[in-house]
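[1] This is the structure alone, sequence omitted:
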């Protein structure tokens, strides 16, 4: 579906943005220029209600709710979408020259929705665990108890506090020992540290009256610093049995749907804790916000399964040797863990940042929603429409939804976005990487900027910076001058605006590519690199890179390599191959991801990794790294091994007493069967198996 298939509504927003309706129509191949409104959300709302039929695209996001309500009332609209032209380019000193960008944004907004993917389901019945200091925990428990099934685990000192006079919800005390899970599936355990078990306590007050040191108050916990071990409280408790100074089994636990952690230090220390877990600390405002969200988290919830994983090409490990752990290291939710030779991802913990797919060198981990073909189609549509409308030096500004306000502030308080800067909103800035960026260059972009807000996990920024360093190294080596990839900090909107306006456009490719992005990361990269190399101002066959790069060759020391071929079995990408008819070690450089598994596996330390990018056709064909002459059994000719291996073995055993007799070493040149026969023939008194009699 294209813009021509939708009813397009344009508005100049009271004349504050000079939209060129005719120019937009030409760029989008519309049959006629759309009517340009001036106050669509006010005096011209009737015209919208009359004309909103079929699939509708409104070039305004400020009044999206109002337009949706009007479309529903009219009952003639099948689907309605919105695109922000005002802050994206209409409010800018270069607004009159921004028609190519605005047309590109409309074209991209007209594309079909990404293909649906599997869903991840959550079910919450509202069972809430509140853990933390007793006073704070009780305060919020009273607020939430009418809506949720509350359990309080009081931690730390409770002396001086009072339990409620009515037991409206379970209250226990102790130290949190373990907590794991996610929304609807948390498992918690804690240790019962105090002699008084609040779960058994009837709050009869007998122990409080009996304690001579007043070490027990209305929190019904013993202040162990004040207690002098009279045990009169135990006698007073009697048959209830809530007080036990010698308790052996102290572990308690339960299952919960939600967790409110009021402790000074959150239990989950990762950047993004599991959904359903809130740790506002001692900040009362943050606590109130968390409580408001908790109250709404009952029922069934779904989200897309954001990732796909192909274990067969995962370079994580082989034979208990770790190669690549990039996805594990970058994940901010601790959703990924090692699982044998591969990894396992818990979809309930995954938050859809896509960083694992960005840093994965092989494409074993890929982003599923939207998938690379859908994301690539969007970028290609943006750039193709922009170029067709006469735009030049396009820079994509990749940003997440949380940066919308930054872009809006730049437009309202400053100069907004330059006409050549095209905003591209994604689920998370970490979800795009080298494959999409280099493809964007091949499709005609002069550069890619990533707008970060500072709320991202620190490792995301490091991963993006590394990918950008790699991309610029490749582009510069091919003669594409300038800085093609940048991180722009949105913490200060005006500083971000200055960075966007002051940047000089980098050199773009002369002829934009037409290939489509594929689901396979290495294939998309190969297509982009081939096009950039073909049109490169400076033709290069091999580009030296730096350690950690996902491209490179391996060198084999032929003097030490024994051709055991252990490296072939260790290679997860099929970059190292044997030969079906000869003893040869072959290598396909385009498949190598520099995971180091081959080097770690080699018993002779004969392999060295060399990071580089070979752009020649030979890099995609097998080439021989080493080969060896096979030695056969001196009796029957059956293959034994390489000459180097046999000669080395004989050299080591030449002085051994077991092989001092004449002919003993010669038997090592035989296969097992012939060796046994020779031993019986040559040894005195042995049986001559060839003749069937004794010697």
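    Cool, the structure landed. The shown structure was predicted, so the numbers you read here are calculated from the model rather than taken from an experiment.

[2] Which parts of the stretch 101-250 of the chain are strands?
    Under the criterion DSSP state E, counting those that start in this stretch, the stretch 101-250 of the chain carries strands at the ranges 119-124, 127-132, 149-154, 171-173, 175-180, 186-191.

[3] Same check on the stretch 551-695 of the chain?
    Along the stretch 551-695 of the chain, the segments classed as strands by DSSP E, counting those that start in this stretch run 552-556, 576-577, 584-587, 607-614, 623-627, 630-632, 639-642, 687-688, 693-694.

[4] Residue 136 is nearest to which of those?
    Closest to residue 136 of the strands of the stretch 551-695 of the chain is strand 607-614 (Cβ to Cβ; 53.4 Å). Placement of C-beta: from N, CA and C, glycine included.

[5] Let me know the angle separating the closest one from strand 623-627.
    170 degrees (axes from the mean of the first three to the mean of the last three Cα atoms, to 10 degrees).

[6] How many residues are close by residue 126?
    18 (other Cβ atoms under 10 Å).

[7] wait, which of the strands of the stretch 551-695 of the chain is closest to residue 382?
    strand 607-614 (26.9 Å).

[8] For that closest one, give me every contacting residue.
    With contact meaning Cβ atoms under 8 Å, 6 or more residues apart in numbering, strand 607-614 is reached by 474, 529, 541-549, 551-557, 567, 589-590, 594, 596, 598-599.

[9] Can you turn the buried part of the residues you listed into a ChimeraX selection?
    Of the contacts of strand 607-614, the buried ones go into a single ChimeraX selection, burial set by 16 or more other Cβ atoms under 10 Å:
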select :474,529,543,545,549,551,552,553,554,556,567,589,590,594,596,598,599
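
[10] Give the residue spans of the stretch 351-500 of the chain that score low on pLDDT.
    Counting by pLDDT under 70, the stretch 351-500 of the chain contains no low-confidence range.

[11] With the chain instead?
    Along the chain, segments meeting pLDDT under 70 span 1, 682-695.

[12] same thing but 80
    Within the chain, the stretches with pLDDT under 80 are 1, 629-630, 639-650, 655, 657-664, 679-695.

[13] any idea of the angle the helix ranked longest in it forms with strand 607-614?
    When the chain is parsed with DSSP state H, its longest helix is helix 458-477. Angle, helix 458-477 to strand 607-614, by the same axes, to 10 degrees: 60 degrees.

[14] rewinding a little: deepest-packed of the strands of the stretch 101-250 of the chain, please.
    strand 127-132 (a mean of 25; mean count of other Cβ atoms under 10 Å).

[15] Tell me the buried residues in the longest helix of the chain?
    459-461, 463-464, 466-468, 470-477.

[16] Switch the strands of the stretch 101-250 of the chain over to a markdown table; also include distance to residue 56.
    As requested, the strands of the stretch 101-250 of the chain are arranged in a markdown table below (distance: least, Cβ to Cβ, whole Å):
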| stretch | distance to residue 56 |
| --- | --- |
| strand 119-124 | 27 |
| strand 127-132 | 42 |
| strand 149-154 | 44 |
| strand 171-173 | 55 |
| strand 175-180 | 46 |
| strand 186-191 | 43 |
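
[17] looking at those strands, which is closest to residue 226?
    Using Cβ to Cβ as the measure, strand 171-173 is the one of the strands of the stretch 101-250 of the chain that comes nearest residue 226, at 16.6 Å.

[18] That closest one packs against which elements?
    The helices and strands touching strand 171-173, judged by 3 or more Cβ pairs under 8 Å, 6 or more residues apart in numbering; DSSP states H and E, are helix 134-144, strand 149-154.

[19] Show me the contact partners of the last one.
    Residues from elsewhere that reach strand 149-154, judged by Cβ under 8 Å, 6+ apart: 125-134, 137-138, 141, 144, 169-174, 176, 188, 190, 198, 219, 221, 254, 256.

[20] can you tell me which residues contact the nearest residue to residue 228 once chain neighbours are set aside?
    Leaving aside its chain neighbours, residue 228 sits nearest to residue 213 (5.6 Å; criterion: Cβ to Cβ, 6 or more residues apart in numbering). By Cβ under 8 Å, 6+ apart, residue 213 lies in contact with 226-228, 230.

[21] any idea how far residue 223 is from residue 213?
    Look at residue 213 and residue 223: by Cβ to Cβ, to the nearest Å, they are 8 Å apart.

[22] circling back: now the strands of the stretch 551-695 of the chain in CSV, with distance to residue 489?
    Formatted as CSV, the strands of the stretch 551-695 of the chain follow (distance: least, Cβ to Cβ, whole Å):
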stretch, distance to residue 489
strand 552-556, 32
strand 576-577, 42
strand 584-587, 42
strand 607-614, 29
strand 623-627, 45
strand 630-632, 61
strand 639-642, 58
strand 687-688, 86
strand 693-694, 92
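
[23] Please name whichever of those is nearest to residue 413.
    Among those, the nearest to residue 413 by Cβ to Cβ is strand 607-614 (43.2 Å).

[24] coming back round to it: quick one: the next helix or strand after the longest helix of the chain to chain centroid distance?
    Next along the chain after helix 458-477, taking DSSP states H and E as the criterion, comes strand 485-489. Its chain's C-alpha centre and that of strand 485-489 lie 19 Å apart, by Cα atoms, centre = their mean, to the nearest Å.

[25] can you pull the buried residues of strand 485-489?
    Using 16+ other Cβ under 10 Å as the test for burial, strand 485-489 gives 485-486, 488.

[26] Please apply the same query to stretch 55-65.
    Applying 16+ other Cβ under 10 Å to stretch 55-65 flags 56-61, 63 as buried.
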